[in-house]
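>>> Mind looking at a prediction? Sequence and model below.
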Amino acid sequence: MAAALRLRPYTAEDAALADAHAPEVGAIDFFGWSASDARSRRFASDGMLGPDHGNLVVDVAGIGMVGDVGWSPVHHGPPPHGQALNIGIALFAEHRGNGYGTAAQRLLAEHLFAFTRWERLEACTDVTNVAEQRALAGAGFTREGVLRHAQWRAGAFHDAVLFSRLRCD
């Protein structure tokens, strides 16, 4: 399956498809309403790629777009020496549970280490999102611990699990 999966830049059609799938997020993924054309607007603005952030399409041969992966900087001290990249993934509901998340996050980490100077990648997920925790571990990320009350969602704070992957891992 991994050979059939690739990451690629967004097209306008991909952005429209991602917008159409946005309402299907589950309780863990819902952080509040956003514009129904948010991906299309962002694609028109920066093509979904910036100097230190971006999103790529998760594309599976014979299927097409099944979701996307993204990254943005986080700070653990003064820039540029205290920075890392936080990665995330959003798979369309009908394509979850097929191993695409593990393969896509592994490919993203390999891409970021090959083409950037970042030393540390991070990912956070809700403590109840066991599937994503397995995917991150399978993609070479190490569980570091629990961030207490790190996410505000559905009227309450929720704990998140922090994972990391270093260039030397």
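Received the coordinates, thanks.
>>> Averaged pLDDT, the helix or strand hosting Arg165. What do you get?
Element membership of Arg165 [criterion: DSSP states H and E] is strand 156-166. The average pLDDT within strand 156-166 is 96.
>>> in this structure, which spans are helices?
For the chain, helices defined by DSSP state H occupy the ranges 12-21, 38-46, 100-115, 130-138.
>>> buried residues in the second one?
Buried positions in helix 38-46, judged by neighbour count with 16 or more other Cβ atoms under 10 Å: Arg39, Ser40, Arg42, Phe43. In this view, the C-beta of every residue, glycine as well, is placed from N, C-alpha and C.
>>> The third one is in contact with Ala16, isn't it?
No. Under the criterion of Cβ atoms under 8 Å, Arg42 makes no contact with Ala16, lying 12.0 Å away.
>>> Using TSV, lay out the helices of the chain together with distance to Arg167.
Output for the helices of the chain, formatted as TSV (distance: least, Cβ to Cβ, whole Å):
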stretch	distance to Arg167
helix 12-21	29
helix 38-46	26
helix 100-115	5
helix 130-138	17
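>>> Residue most distant from the centroid, the protein?
Pro78 (24.1 Å; Cα atoms, centre = their mean).
>>> Let's test this: what are the backbone torsions at that one?
phi -70, psi 140 (degrees, to the nearest 10).
>>> And the one 4 residues further on, by the same measure?
Note on Gly82: backbone dihedrals following degrees, to the nearest 10 are phi -110, psi 30.
>>> I'd like the numbering to begin with 44 instead of 1 from here.
Taking 44 as the first residue, the last one we looked at is Gly125.
>>> Need the pLDDT of it.
For Gly125, the pLDDT comes out at 89.
>>> what about Ala78, how many neighbours?
Neighbour count for Ala78, taken as other Cβ atoms under 10 Å: 11.
>>> out of everything not next to it in sequence, what's closest to it?
Of all residues not flanking Ala78 in the chain, Arg84 sits nearest, at 6.6 Å (Cβ to Cβ, 6 or more residues apart in numbering).
>>> how near is that neighbour to Glu175?
Distance of Arg84 to Glu175, computed by Cβ to Cβ, to the nearest Å: 27 Å.
>>> what's the answer for Asn141, then?
Asn141 sits 14 Å away from Glu175, going by Cβ to Cβ.
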